[in-house]
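A.B. asks: okay, here's the prediction I keep looking at, along with the sequence it came from:
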Amino acid sequence: MKTLCRFRNPIRGWNRLVVVALLFLVTSTRLFGDSSEITVGSNFVGTAGVAASTPLDIVLSRPLQPSDGRLAVFIGLTDVTSLLVETTNGVRYAPSVLPLPAGPSEVAVYLVSVGGEWKKIANLPLSVADPVAAITGAPTLDPASGAPAAPASRRRERSGPKVKPNLTVGLKSQPAETHFPDTARPPRTTFADATLQGDLQTSWTLPGFDMQNQFQVVGSSFRSEALRFAQRGESAPKVDLSSYLVSVQMGKARLLAGHVTFGSSRHLINAFGTRGVSLTVPLRSWVDFSLAALNGTSIVGWDNFLGVANRQHQIVSGILGFELIPKRPGGTRVELSILDGSLLPLAGFNQGVITDTEKSRGQSARFIATDKAQRIRIEGGYTRSLFDNPVDPLLTLGQDVVPVRETSRNARYADVTVDILQNRRIGKTNTLNLSVTYRHEQVDPLFRSVAAFTQADRIQHQAEINSSIGPVNILVSHLRFHNNLDDVASVLTILTRRDALAAAVPFSTLFGQAGKSSRWWPTLSYTIDQTHAAGRPYSVLTGFDSVSQVPDQMSTNQNANLEWQVQRFRWGYRFNRSFQDNRQSGRDLADLRNLVSGFSFGVNARSNLDLTYELNAEGARNFELDQTNRLWRSSVNINWRMTKQAALVAILSGTTSGDLKQLNRSRNGEVDLQWSYRLGYSKGEWNRVQTQVSIRYANRYSRISDALFGFNNFTRFQTLNVNLTFTFF
């Protein structure tokens, strides 16, 4: 009976699924009419080359609506979405700490729907003629001719020192607070703290010489919020250096000191960011060399200013790059990397303590190739690393343990992408794109490099089909991997298969009139992800010889979203169903099912007033315990832009949960009101002041009762916060 009632995926046979997806792409082209989509502009396309510190402005043809979703931006392979700042007509990326990459690259702009579907809406070419962080040393391209441009230092004109400071001083206070009961008393009920954020940028340009510097400091009068309080406790300075970068270029050579990012080998050293020193020297138009000495973990503060003071906690790496086609840099490139690193059990600024001393030395080769049209893209790499884990007396505690031997292991990968159809015109405005990607990766058991984070003892294969017809996007992928490559009898081998399908269909565009979307048709997005992880039993007695001891689990997760937009009104519905099917012998009933339904409604009541209401219902079913939990969550959001300087945001939410047997109950409520006012004064470059004051009131309560254990707890908090900031320059 259990087998008959078990949930089964309605889409079975992924080979057939791929065929159906391709047939859909071919047969449905007649349905697609004209689409009015968001177009993207910028301040860097078509320029002869921008400086590495130049802010990038991405301009949209129209403002984003809530039903559109959000933007995601990649510069090359780096996701800079979290660093974007909204502007009046788009977004801006300011490369304050991490400068723009050297030479030519691409800025990819994606539109991420409310349901999480990604759609590329722009691919903008970027050329950095004056790079700050040229890691690979590849020559800069001239966008007009496509040939390597003359060194930037030869084209610069003399300019005196330039200084650009920025200082923000703030007051963060909590003048009033109430709580119940007394046991819920916070560490500080009322307080008034001063904060500081400072930024200083300088530049100096001469013929054949260029220097650019940036220093950032932060401070707080409350020592527990000091930058290095987690490391140094009460001895942590209240004002400290958070980051800095010094760039000096003389001729073709460039020296970086401060917070730099180095490495492009996936398994040896891959975008390792910390404090250190790096040098880049283009030896010829077709060969370049880079060398870096970096601290083993991320650090802040004035101590170990260059990051190379402790040789036992340091990484030294070099890259030798060859352009096999000098006239087309990046078209066919080979990189040879070496590394010698050592880590001590020291706490980093943004990570916990390494529990043991580690050392590694390694070499790697990386190959990148693409055709002129970039329809075929190939990347692969091979790494060999020697890893040593010396005996640590703090871990052995005097016990007689078997020492870890030095081990040399390999890792490799290969990625191939082929654009079968690229911008094939369909109708007047729509295009057809179809690409196929294959990825392979194998990491030997016990493989380890101190400058790259990868999972050892694993081999995987992945295939993807990515397609789009006008506004319709479909992605089909298949992934399989397993561990225990050496077939060690005492290690359980897990075979994992993962299949996924994602589709986004804007019906309002498909069935609308030419150049005009239909109001009442929704935008649909659907994803299904199925993962099957099963252990492989052994015939010998290893602890996993019995079938009942070997895990076997099938997990299926489905999401569906519907979004409508009609003039000032918008509403949507989302549904999620996840099912964990435990097929392990003897645990057939240990299944879990979760259902989530959500409804949202919003209206632009006025040009300066937005109202949103959300209601969610969730249910979790545990078949083994015969237990079902329910949860209801509702919220109201109000955003009132009272004037150009003042705004009021209000959030009211409530949550109720419990099981069907009424053994446990909980109820939570929250009221959050925040008013802010901004005032600015500007007269010249050095005479600018901006002030912002905000007042926030929060009221939260929670009641939890459990009939089985006999407790009934009630807590309540009310806080009033007042913040004031002054920004100078």
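C.D. replies: Ah, there it is. Numbering: from 1, shown residues only.
A.B. asks: would you map the helices across the stretch 251-400 of the chain?
C.D. replies: With helices called from DSSP state H, counting those that start in this stretch, the stretch 251-400 of the chain shows them at 393-396.
A.B. asks: low-confidence ranges in it?
C.D. replies: Applying pLDDT under 70 to the stretch 251-400 of the chain picks out residues 347-355, 392-398.
A.B. asks: run through the strands of it in chain order.
C.D. replies: Taking DSSP state E, counting those that start in this stretch, the strands of the stretch 251-400 of the chain run over residues 253-265, 269-282, 287-295, 314-323, 332-343, 358-370, 376-388.
A.B. asks: closest one to Thr527 among those?
C.D. replies: Of all the strands of the stretch 251-400 of the chain, it is strand 376-388 that lies closest to Thr527, at 25.4 Å by CB to CB. To be clear about C-beta, it is placed using only N, CA and C from the backbone, and glycine gets the same treatment.
A.B. asks: mind naming the longest strand for the protein?
C.D. replies: strand 159-180 (DSSP state E).
A.B. asks: what pairs with the next helix or strand after it, and is each one parallel or antiparallel?
C.D. replies: Toward the C-terminus, strand 159-180 is succeeded by strand 191-206 as the next helix or strand (DSSP states H and E). As defined by DSSP bridges, the strand partners of strand 191-206 come to strand 159-180 (antiparallel), strand 209-220 (antiparallel).
A.B. asks: quick check: mean pLDDT of strand 191-206?
C.D. replies: When the per-residue pLDDT values of strand 191-206 are averaged, the result is 92.
A.B. asks: start the count at 27 instead of 1 going forward.
C.D. replies: Sure thing, new numbering starts at 27, so read that last one as strand 217-232.
A.B. asks: deepest-packed of the strands paired with strand 217-232, please.
C.D. replies: Comparing the strands paired with strand 217-232 by mean neighbour count (mean count of other CB atoms under 10 Å), strand 235-246 comes out on top with a mean of 19.
A.B. asks: tell me how far it lies from the chain's centre.
C.D. replies: Remark: strand 235-246 is offset 25 Å from the chain centroid, using CA atoms, centre = their mean, to the nearest Å.
A.B. asks: now do the end-to-end distance for stretch 475-485.
C.D. replies: Using CA to CA, to the nearest Å, the end-to-end distance of stretch 475-485 comes out at 17 Å.
A.B. asks: what strands line up against whichever strand or helix holds Val629, and which way round?
C.D. replies: Val629 is part of strand 618-632 when elements are defined by DSSP H and E. In the sheet, strand 618-632 lines up against strand 595-608 (antiparallel), strand 635-648 (antiparallel) (DSSP bridges).
A.B. asks: out of these, nearest to Pro201?
C.D. replies: Pro201 sits nearest to strand 635-648 of all these, at 29.3 Å, using CB to CB.
A.B. asks: average pLDDT across the helix or strand following the closest one?
C.D. replies: Taking DSSP H and E as the definition, the helix or strand that follows strand 635-648 towards the C-terminus is strand 653-666. Here the mean pLDDT over strand 653-666 is 94, rounded to a whole number.
A.B. asks: any buried residues in whichever helix or strand comes after strand 653-666, and which?
C.D. replies: Toward the C-terminus, strand 653-666 is succeeded by strand 672-685 as the next helix or strand (DSSP H and E). In terms of neighbour count (16 or more other CB atoms under 10 Å), strand 672-685 has its buried residues at 673, 675-679, 681, 683-684.
A.B. asks: so which of the strands paired with strand 618-632 gets nearest Val76?
C.D. replies: Judging those by CB to CB, what sits closest to Val76 is strand 635-648, at 35.7 Å.
A.B. asks: so how far is the closest one off the chain centroid?
C.D. replies: With CA atoms, centre = their mean as the basis, the distance from the averaged C-alpha position of strand 635-648 to the chain average is 26 Å.
A.B. asks: cool, stretch 288-297 as well?
C.D. replies: Counting by CA atoms, centre = their mean, stretch 288-297 is centred 18 Å from the centre of its parent chain.
A.B. asks: so what's the residue nearest to Gln606 when sequence neighbours are not counted up against?
C.D. replies: Residue nearest to Gln606 in three dimensions, not counting chain neighbours: Leu618, with 4.2 Å by CB to CB, 6 or more residues apart in numbering. In this structure, Leu618 makes contact with 604-606, 646-649, judged by CB atoms under 8 Å, 6 or more residues apart in numbering.
A.B. asks: pLDDT, distance to Gln240 and neighbour count added to the residues you listed, as a markdown table?
C.D. replies: Listed next are the contacts of Leu618 as a markdown table, based on pLDDT from 0 to 100; distance: CB to CB, whole Å; neighbours: other CB atoms under 10 Å:
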| residue | pLDDT | distance to Gln240 | neighbour count |
| --- | --- | --- | --- |
| Ser604 | 96 | 46 | 16 |
| Phe605 | 97 | 51 | 20 |
| Gln606 | 95 | 49 | 18 |
| Ala646 | 95 | 49 | 17 |
| Arg647 | 95 | 54 | 16 |
| Asn648 | 94 | 54 | 16 |
| Phe649 | 93 | 58 | 19 |
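A.B. asks: this completes my enquiry, with thanks.
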